[in-house]
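Participant: coords below, sequence missing:
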């Protein structure tokens, strides 16, 4: 048994080291020497996907379902194949539009809708709270096991006073570190280089710790894989764990793979590290194989540890979720157990910190700020600097989200295993898939369709997963699950509409995604996108066709000073000046020579979007830009003019291609003429040579005859014969 103070001291020292790494990385970034501009660091940051669920829960799942733990990692491996197609497009769009969260991404796609971004935020917060509680449960359980060993039982947290509950203090400590990592200052680009560096380091720590315990269990407690699996084969109960699809059916495997594919793309923390924190699109090429390789490595010893735990704790007195810690503790290797605890702490803290930073940005930008800006009673119009208030909102949001996670853990989370809690959250964020994937590739998708689809899918998720979890914890009468509300059997949450016989997660996911996608497509097909929606649809769907920014149909007037003052209110004076200087550098003009043209207005809006979200940024820019409202006829006129320009450009392009073809033909003819000219020169040269030889002889003999009139008749006759022969 380890002392509580020693574990706490080591944990705080480790978290302090993480903060030191983050601080060092931030300083390097300011100096222009980025630490995270590396494909390896990027791939390691993506590995925040491997949380305490992976570290502890996968072993627990393997101990009950055998190879049934694999779909959660097969899905991300398959999704990595699509990184260069789907994720790269998301990165390109986010960089162009200065998007800083998944809620902002969805809201921006559908006409910069604040309502839609707010709905996504609510779904993300409600859906992620169980996942945060999972991390608190894992850290609390592992801490308790280290301090109580060999006693493997723990009192129910609901019976322990809050101030005596170590999970409560873990939540507060993680809140403090999340604020230090991700809410120390306001950044218009919402990049956290220090946070990414710390998460990448944590990924190495948890991998090293899990491999260490795996190697110890396999080769220290047993004589290798053969000996370990030999024990498994001798037990009928354990041997069934190796049968594919034995305890997890084909349908469940398929849906779990799909679910995890969506999760690795659409979890708020994954969007944060994969999209917002990305510094180079080229890193995606490397991440598409590095990330799956990491998942393979960290899961290599999951099944051996699960088998070892079932062999050593055959009486079932130890929770399978704690086998990773219980096995080295049983063998008397306390320092290895402490290393494993630090690895599990890394897995939990990395997820919680990144998740709460992402959620705090969404809550601030898409829930709190829109409300504050809408109601004049809050007096925001009279404040010259709102940057400190924005930071306070984000810090408060971090604390609230973590306390919500603690509340779920204390009052509902203990009724579930770690994996079950995680799958509930996965099913929630899977509801983003139709709106995001449809928005990336379908210009006809509408804001109304996205709102209706998300609402339908989220409602079914609430009814089939979240409410039953509260019922299992006693907060709702158990008859709600067993008989259905008011005794209506077809309304039973686990057999909704009579669909029975499926795993609870598969059942919920199937119904919620069918409702979500079906309503999304139907409402979009029956409706018509507005002007701004159409512009955003073009910007998103055609994002990979060029480097152009989003289309902005703008007619109005403002001044540079008004835009500067607006930026300073939300970003602070220094960052506002940096934003204007950045635009001036891009146009190769001095900052004091800037003109308040549509380009500068769009740049100011994108800069604000990083701090308060695209919907609020649009509203705030409209408050200082005396923009002329464009009706449908005016927009159509602009589009007609654009169409004429496009048609004229195509005509010029066709003429250009014809001219190039004619030029190529002339070039070929010219080359043939040059060849004929060379042949003529060769012919003349040959003929002149053949004529020169006999003419030389004729001339020589004729000169001899002319110069020697007294040449004997015999010789004269001979010379004349030669002349005749040469003449022939």
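Facilitator: Thanks, I have it. None of the values given here were measured: they were computed from a predicted structure.

Participant: how about the strands in the stretch 501-650 of the chain?
Facilitator: For the stretch 501-650 of the chain, applying DSSP state E, counting those that start in this stretch gives strands covering 556-557, 626-627.

Participant: in contact with the residue positioned nearest the centre of the chain, which residues?
Facilitator: Centroid-nearest residue in the chain: residue 274, 3.3 Å away (criterion: Cα atoms, centre = their mean). Contacts for residue 274 were tallied using Cβ atoms under 8 Å, 6 or more residues apart in numbering; they are 46, 87, 90-91, 265. All C-beta spots, glycine's among them, are computed from the backbone N, C-alpha and C.

Participant: how much space separates it from residue 601?
Facilitator: When Cβ to Cβ, to the nearest Å is the yardstick, residue 274 and residue 601 sit 30 Å from each other.

Participant: now residue 29
Facilitator: 29 Å.

Participant: check residue 469 too.
Facilitator: The spacing between residue 469 and residue 601, counted by Cβ to Cβ, is 47 Å.

Participant: again, but for residue 296
Facilitator: Distance, residue 296 to residue 601, using Cβ to Cβ: 49 Å.

Participant: neighbour-wise, which of those two wins?
Facilitator: Neighbour count, other Cβ atoms under 10 Å: between residue 296 and residue 601, residue 601 has more, with 21 against 11.

Participant: if you skip the residues just before and after it, what's nearest to the more buried one?
Facilitator: Excluding the flanking residues, the one nearest residue 601 by Cβ to Cβ, 6 or more residues apart in numbering is residue 625, at 5.8 Å.

Participant: next, count neighbours for the one you found.
Facilitator: Other residues near residue 625 come to 22 when the count uses other Cβ under 10 Å.

Participant: equivalent analysis for residue 658, please.
Facilitator: Number of residues near residue 658 (other Cβ under 10 Å) recorded here: 10.

Participant: buried stuff in stretch 229-248?
Facilitator: Residues of stretch 229-248 classed as buried under the neighbour-count rule (16 or more other Cβ atoms under 10 Å) are 229, 232, 238, 241, 248.

Participant: from memory the first one sits against residue 306, does it?
Facilitator: No: with contact defined as Cβ atoms under 8 Å, residue 229 does not count as touching residue 306 (11.5 Å).

Participant: and stretch 239-252, average pLDDT?
Facilitator: This predicted structure assigns stretch 239-252 an average pLDDT of 71.

Participant: so how far is the first residue of it from its last?
Facilitator: Between the start and the finish of stretch 239-252 there is a gap of 21 Å, counting by Cα to Cα, to the nearest Å.

Participant: what does stretch 30-42 give?
Facilitator: Taking Cα to Cα, stretch 30-42 runs 19 Å from one end to the other.

Participant: list of residues touching that stretch?
Facilitator: 24-25, 28-29, 45, 193, 196-197, 200, 277-280, 282-283, 285-287, 290.

Participant: who are the neighbours in contact with the closest residue in space to residue 563 that isn't next to it in sequence?
Facilitator: In space, not counting the residues next to it along the chain, residue 563 is nearest to residue 604; the distance is 4.7 Å by Cβ to Cβ, 6+ apart. When contacts are counted by Cβ under 8 Å, 6+ apart, residue 604 touches 563, 566-567, 579, 621.

Participant: out of those residues, who's nearest residue 723?
Facilitator: When the contacts of residue 604 are compared for distance to residue 723 (Cβ to Cβ), residue 579 comes out closest, at 101.0 Å.

Participant: residue contacts, the closest one?
Facilitator: Taking Cβ under 8 Å, 6+ apart as the criterion, residue 579 is in contact with 188, 567, 571, 603-604, 607.

Participant: please indicate which of the residues you listed are buried?
Facilitator: Neighbour-count burial (16+ other Cβ under 10 Å) applied to the contacts of residue 579 gives 188, 567, 571, 603-604, 607.

Participant: now render those as TSV, adding pLDDT and distance to residue 522.
Facilitator: Written out in TSV, the entries for these read as follows (pLDDT from 0 to 100; distance: Cβ to Cβ, whole Å):
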residue	pLDDT	distance to residue 522
188	49	39
567	77	42
571	75	42
603	76	38
604	77	38
607	76	38
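
Participant: run a quick neighbour tally on the residue lying closest to residue 595 once chain neighbours are set aside.
Facilitator: The shortest distance from residue 595 to any non-neighbouring residue, by Cβ to Cβ, 6+ apart, is to residue 560 (7.3 Å). Applying other Cβ under 10 Å, we find 17 other residues in the vicinity of residue 560.

Participant: quick one on the thing from earlier: which pair of the contacts of residue 579 spans the longest distance?
Facilitator: With Cβ to Cβ as the measure, no two of those lie farther apart than 571 and 603, at 12.7 Å.

Participant: so residue 223, which of the three states?
Facilitator: Three states are possible here, and by DSSP: H, G, I helix; E, B strand; the rest coil the one that applies to residue 223 is coil.

Participant: scratch that, residue 100
Facilitator: Secondary structure assignment for residue 100 (three-state DSSP): coil.

Participant: next up, phi/psi of it, please.
Facilitator: Geometry field for residue 100 lists phi and psi as phi -120, psi 0, criterion degrees, to the nearest 10.

Participant: equivalent analysis for residue 503, please.
Facilitator: Main-chain dihedrals, residue 503, degrees, to the nearest 10: phi -60, psi 150.

Participant: contact partners for residue 675?
Facilitator: Contact analysis of residue 675 by Cβ under 8 Å, 6+ apart lists nothing.

Participant: so where does it fall, helix or strand?
Facilitator: Secondary structure from DSSP states H and E places residue 675 in helix 632-707.

Participant: and stretch 223-233, how far out from the chain's middle?
Facilitator: Between the centre of stretch 223-233 and the centre of its chain there are 40 Å (Cα atoms, centre = their mean, to the nearest Å).

Participant: correction: the previous question concerned stretch 300-315.
Facilitator: Its chain's C-alpha centre and that of stretch 300-315 lie 34 Å apart, by Cα atoms, centre = their mean.

Participant: show me which positions of it end up buried.
Facilitator: Of the residues in stretch 300-315, those buried by neighbour count under the rule 16+ other Cβ under 10 Å are 301-313.

Participant: hang on, the earlier thing: pick out the most distant pair among the contacts of residue 274.
Facilitator: Maximum pairwise distance in the contacts of residue 274, criterion Cβ to Cβ, is 13.5 Å, between 46 and 90.

Participant: the two - which one has more neighbours?
Facilitator: residue 46 (29 against 23).

Participant: buried sites along stretch 20-33?
Facilitator: The neighbour-count check on stretch 20-33 (16+ other Cβ under 10 Å) flags 21-23, 25-26, 28-29 as buried.

Participant: quick one: average pLDDT of stretch 98-106?
Facilitator: The pLDDT scores in stretch 98-106 average 89.

Participant: buried residues in it?
Facilitator: Of the residues in stretch 98-106, those buried by neighbour count under the rule 16+ other Cβ under 10 Å are 98-106.
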